[in-house]
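# fold the following and give me the result.
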Amino acid sequence: MAGHSQFKNIMHRKGKQDAVRSKMFGKLAREITVAAKLGLPDPAMNPRLRMAILAARAENMPKDNIERAIKKAAGGDAESYEEVRYEGRGPGGVMLIVEALTDNRNRTGAAVRSYFTKAGGELGATGSATFMFDRVGEITYPANIGDADRVMEAAIEAGADDVASDENGHTILCAFSDLSDVSKALEASLGAPASAKAIWKPQNTVELDEEKAQSIMKLIDNLDNDDDVQNVFSNFDVSEEVMAKLTA
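Next up, the predicted model:
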């Protein structure tokens, strides 16, 4: 996740404005509503809903907002959203996967295509990017939850596949199909995670110079700002020198 997580770190360091947070809450609420509508409105019986609620809590989404999103699905008045995945190539040969929840596929497809085109990239066919990524579960904890040994031991007992720990926190990876079970096991030993979600992890990354990195970051930012886009994953990476310039 080098490229995607580094981009997120850059955006986090620049701070989150109220407008950005409001848009994020809207996307989180949409995922909660869709998850509750597709399954039971009880997170204990609905793994996708449980993951959606964890993601919302990680972003400090108010409890009332979460409950409203669930009730919206239970009341039967929720819009009908379709899950759509787009794949394409961006500046510098970076591959991107874009996940969307939309009530108008034509609108969303046209918008996503325009973002790629303006960035000098192009949308590809289904499968043009996913073969370069692995679908896995990612569970994160803050650094103060414990040292690397404690987290590693808990992760092994929970059935996780890999753990990466540094001063910023702990990232635990597991098979996509095991995400719900592993996150529950970890919660029992370490407490509630900062996040637990399915991701597209790049098998290899493409290192970019400052100019190309700025271009791909702008493309990802435009995609993230679209109301219909839920997640964006990429395989771009930057050196520590370039990272320092981008965060200056």
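
# may I ask which helix or strand of the protein has the lowest mean pLDDT?
For the chain, counting by mean pLDDT, DSSP states H and E, helix 2-14 ranks last in confidence among helices and strands (a mean of 48).

# next, the buried residues of the helix or strand following that helix.
Next helix or strand after helix 2-14 toward the C-terminus (DSSP states H and E): helix 18-38. Under the neighbour-count criterion of 16 or more other CB atoms under 10 Å, helix 18-38 has 24-25, 27-37 buried. To be clear about C-beta, it is placed using only N, CA and C from the backbone, and glycine gets the same treatment.

# got it, and stretch 240-248?
Under the neighbour-count criterion of 16+ other CB under 10 Å, stretch 240-248 has 242-243, 246 buried.

# equivalent analysis for stretch 118-129, please.
Buried residues in stretch 118-129 (16+ other CB under 10 Å): 119, 121, 123, 128-129.

# among these, list the two that are farthest apart in space.
Ala119 and Ser128 (16.4 Å; CB to CB).

# mind checking the end-to-end distance for stretch 53-69?
End-to-end distance of stretch 53-69 (CA to CA, to the nearest Å): 10 Å.

# any regions of the protein where pLDDT drops low?
For the chain, residues meeting the criterion pLDDT under 70 lie at 1-18, 76-78.

# could you chop it up by domain?
With domains defined by automatic domain parsing, the chain comprises 10-74, 82-131+204-246, 132-202.

# and the strands in the protein?
82-89, 95-102, 122-124, 133-141, 162-166, 169-175, 195-202, 206-207, 229-234, 236-237 (DSSP state E).

# which residues does Tyr86 bridge with?
When bridges are called by DSSP bridges, Tyr86 pairs up with Val98.

# could you measure from it over to Leu123?
6 Å (CB to CB, to the nearest Å).

# who touches both of those two?
Shared contacts of Tyr86 and Leu123 (CB atoms under 8 Å, 6 or more residues apart in numbering): Val112.

# residues in contact with the closest residue in space to Val238 that isn't next to it in sequence?
Distance criterion CB to CB, 6 or more residues apart in numbering; nearest residue to Val238, sequence neighbours excluded, is Ala213 at 5.0 Å. Residues near Ala213 by CB under 8 Å, 6+ apart: 92, 236, 238, 242, 246.

# same thing with Arg50?
Residues in contact with Arg50 (CB under 8 Å, 6+ apart) are 43-44, 180, 183.

# surely Ala58 and Ser195 touch.
Yes - look at Ala58 against Ser195 with CB atoms under 8 Å: they come within range, at 4.4 Å.

# so those two - more neighbours on which side?
Ser195 (19 against 16; other CB atoms under 10 Å).

# Glu122 and Arg89 touch, don't they?
Yes - between Glu122 and Arg89 there is a contact under CB under 8 Å: 5.8 Å.

# any residues in contact with both of those two?
Overlap of the contact sets of Glu122 and Arg89 (by CB under 8 Å, 6+ apart) consists of Phe116.

# against Ser128, how distant is the residue lying farthest from the centre of the chain?
Distance from the centre of the chain peaks at Gly75, with 27.7 Å (CA atoms, centre = their mean). Noted for Gly75: a distance of 39 Å to Ser128, by CB to CB.

# same question, Leu38
27 Å.

# circling back: so which of the buried residues of helix 18-38 is the closest to Val112?
Lys27 (14.9 Å).

# leaving out chain neighbours, which residue sits closest to that closest one?
Nearest residue to Lys27, sequence neighbours excluded (CB to CB, 6+ apart): Gln230, at 5.7 Å.

# quick check: Ala155 touching Leu186?
Yes - look at Ala155 against Leu186 with CB under 8 Å: they come within range, at 7.0 Å.
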